[in-house]
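**Q** Give me a model of this one.
(one chain, ligands or ions: 2)
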Amino acid sequence: MTGSSTPAVPSGVGVSPGRASGPVVRVADPLPEPARGPAPADPAAEAARIRPAAEAVARQLRTRAAAAAGEARSVLETTAAMAVDPTLLAQAEKSVAERSLPAARAVHEAAEQVAEMLAAAGDYLAERVRDVRDVADRIRAELGGVAPPGVPVLTGPSVLVARDLAPADTADLDPELVLALVTEEGGPTSHTAILARALGIPAVVAARGVLVATAAGATVDGDGGVVELHAGPVPAVAAPRSRGDWHGSGTTADGHPVTLLANIGSPADARAAGAADGVGLFRTEFCFLAATAEPGVAAQRAAYAEVLAPLRGKPVVVRTLDAGADKPLPFLDSGAEPNPALGVRGLRVAFDRPDLLRRQLDAIAAAAGDTGADVSVMAPMVATAEEAAWFADLAREAGLDRVGVMVETPAAALGGAALLDVVDFVSIGTNDLAQYTFAADRMTGALAGLNDPWQPALLRLIAMLADAGRERGTPVGVCGEAAADPALAAVLTGLGITSLSMTAAALPAVGARLARHALADCEQAARAALTAAGADAARTRARDALA
Ligand SMILES: C=C(OP(=O)(O)O)C(=O)O
Ligand SMILES: [Mg+2]
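**A** Numbers count the residues shown, from 1 in each chain. Ligands and ions are numbered 1, 2, ... in the order given. Now for the predicted structure:
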């Protein structure tokens, strides 16, 4: 390794395994909302700054477009055209001339007006809201002479360091150029973690202090959660990818079967799920994130059928709407709640409005018939066996025969036997089960260590439920992000989990890892992890047992 280490070695939470090194590229923070003043001394001159700044942004985007291909190219070309949109620019210039706003504020306000119009137009145009805001931020950055927000153009393999990554930041990330991801904030279930596993690159989140440290290069250990910073240049070394050695069936080295399933939320995800044994979690709320009114049965049926179409003949677990807390749906807003994660979310939304759930179940049953997918349903955020039985009755009334629930609350996990008696299967949502077990908001980076799925207390709850499932012959799966960690997947198998559902891109690494270990080794790793004092110790002990 060339390049000298700085004293700072931020540690965080490793969320995507592997080790990689390379030059650091920082992702600029979003720009703060611009001030309304002071009023410019010469409004005409201030207004005249806007158009050249917008043209400069359009030029930069067109240059990127010329170097890109396919969808990324057309996205960049469209964004370039939006930067010089006549309505946007005329409105901004007018605000400077008539209201003496600084140029940056005028661009911000004009973009918000355009965004409102686009949102009101709905459908395709509403999806452009994010783009118009992005374009305005870029023009403001140009006006202020600062780096534009988001991921800069990568000219070579790099380690990306960010406060956190929004979905929009990552739309066109090239996995050949991104060696590793490091974020100051975010947790094991953050977008960064999910994306890194999807791309198969090492990642560490909640690496406190990584943003203030000045470093030219970094070595990222996604297993141990450590980021070594180097003052000098570091050659690019990508993490080896263990994809090639998996041939599609989920079994341990000695033939113990583990069903490997995909988590999906869109038709594109469904197409990417081809290598999986089926789908263990279809997040239906992802179909309606922007809907302001409840979609009717026909609209829901069409949306579900579009996702289910590529999955004819395959088992698919469709989750009913999980609105609230980290997944707000405008048409299912429960009003201001002091603790939304502890509020009316998931299945609870349907307690007062069972017709809403009935309509969704009817739409799911119809879409299953339309597509020939082998559909089961499950409910999110269930706390008691009574709730599970209520849901199971409604689902069966709708003609859906195989019914399960997610185990995401400690109450559901502790309810083991009573819960398993009223459903056909359960699926453990480790993302929420961790947050509720540790009383640690899954969105808060500072608490990422508690939301680490290697926490032995979480593993003990999983073990209890797996034991109860084994006694009754009821399948107990995991569909939280824990399933996408290859070593943890082996531990979960050792605990008696029967299926693992994850982002499709994580399947090869998990499948290959399971194929390397006999069931007895997985069981030994599970015992070692269960009795550890904390998440890091559990990880180390399990890895030693599997080595
Ligand atoms: C899979 C889960 O559901 P979501 O991440 O959608 O809340 C979970 O909580 O683990
Ligand atoms: Mg959940």
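**Q** Give the full set of residues in contact with the closest residue to Ala291 other than its chain neighbours.
**A** Sequence neighbours aside, Phe331 is the residue nearest to Ala291 in space, at 5.5 Å (criterion: Cβ to Cβ, 6 or more residues apart in numbering). Yep, even glycine has a C-beta here, placed from its N, CA and C like the rest. Residues near Phe331 by Cβ atoms under 8 Å, 6 or more residues apart in numbering: 288, 291-294.
**Q** Partner strands of the helix or strand Val159 falls within and their direction?
**A** According to DSSP states H and E, Val159 maps onto strand 158-162. Strand pairing for strand 158-162, determined by DSSP bridges: strand 19-26 (parallel), strand 178-183 (parallel).
**Q** which residues sit against the first one?
**A** Strand 19-26 is contacted from outside by 1, 151-152, 154, 156-162, 179-180, 201-202, 211, 215-223, 229, 233-239, using Cβ under 8 Å, 6+ apart.
**Q** rerun at 7 Å
**A** By Cβ atoms under 7 Å, 6 or more residues apart in numbering, the residues outside strand 19-26 that reach it are 1, 152, 154, 157-161, 179-180, 201-202, 215-222, 233-234, 236-239.
**Q** Need the buried ones from the residues you listed selected in ChimeraX.
**A** Entered in ChimeraX, the line below selects the buried ones among the contacts of strand 19-26, by 16 or more other Cβ atoms under 10 Å:
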select :154,157,158,159,160,161,179,180,201,202,215,217,218,219,220,221,222,234,238,239
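**Q** Can you turn the buried part of the contacts of Phe331 into a ChimeraX selection?
**A** Burial among those is assessed by 16+ other Cβ under 10 Å; the matching ChimeraX selection reads:
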select :288,291,294
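**Q** mind putting the contacts of Phe331 in TSV, pLDDT included?
**A** Output for the contacts of Phe331, formatted as TSV (pLDDT from 0 to 100):
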residue	pLDDT
Phe288	86
Ala291	79
Thr292	82
Ala293	90
Glu294	94
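**Q** Can you flag which of the contacts of Phe331 belong to strands?
**A** In strands, defined here by DSSP state E, there are no members of those.
**Q** Near ligand 1, list only the ones from the contacts of Phe331.
**A** Among the contacts of Phe331, no residue sits close to ligand 1 (Cβ under 6 Å from any ligand atom).
**Q** just to revisit the earlier point, the residue nearest to Ala291: what secondary structure?
**A** helix (DSSP: H, G, I helix; E, B strand; the rest coil).
**Q** From Val318, how far out is it?
**A** 19 Å (Cβ to Cβ, to the nearest Å).
**Q** just checking, Leu260 is part of a strand?
**A** Yes - counting by three-state DSSP, Leu260 is located in a strand.
**Q** which residues does it contact?
**A** Neighbours of Leu260 in contact, by Cβ under 7 Å, 6+ apart: 250, 276-277, 500, 507, 510-511.
**Q** Could you report the pLDDT at it?
**A** In this model, Leu260 is scored at 96, pLDDT.
**Q** Show me what it bridges to in the sheet.
**A** With DSSP bridges as the rule, Leu260 is bridged to Leu500.
**Q** Regarding stretch 528-543, how distant is the last residue from the first?
**A** 9 Å (Cα to Cα, to the nearest Å).
**Q** An error on my part: the question was meant for stretch 334-353.
**A** Stretch 334-353 stretches 12 Å from its first residue to its last (Cα to Cα).
**Q** Now do that stretch: distance to the chain's middle.
**A** 22 Å (Cα atoms, centre = their mean, to the nearest Å).
**Q** Stretch 173-182 now?
**A** On Cα atoms, centre = their mean, the centre of stretch 173-182 falls 16 Å from that of its chain.
**Q** Show me which residues of it are buried.
**A** Applying 16+ other Cβ under 10 Å to stretch 173-182 flags 173, 177-182 as buried.
**Q** Out of those residues, name the two that are farthest from one another.
**A** Leu177 and Val182 (15.3 Å; Cβ to Cβ).
**Q** Buried by neighbour count: which residues of the one helix or strand Arg130 maps to qualify?
**A** Per DSSP H and E, Arg130 falls inside helix 129-144. For helix 129-144, burial by neighbour count (16+ other Cβ under 10 Å) applies to 129, 131-143.
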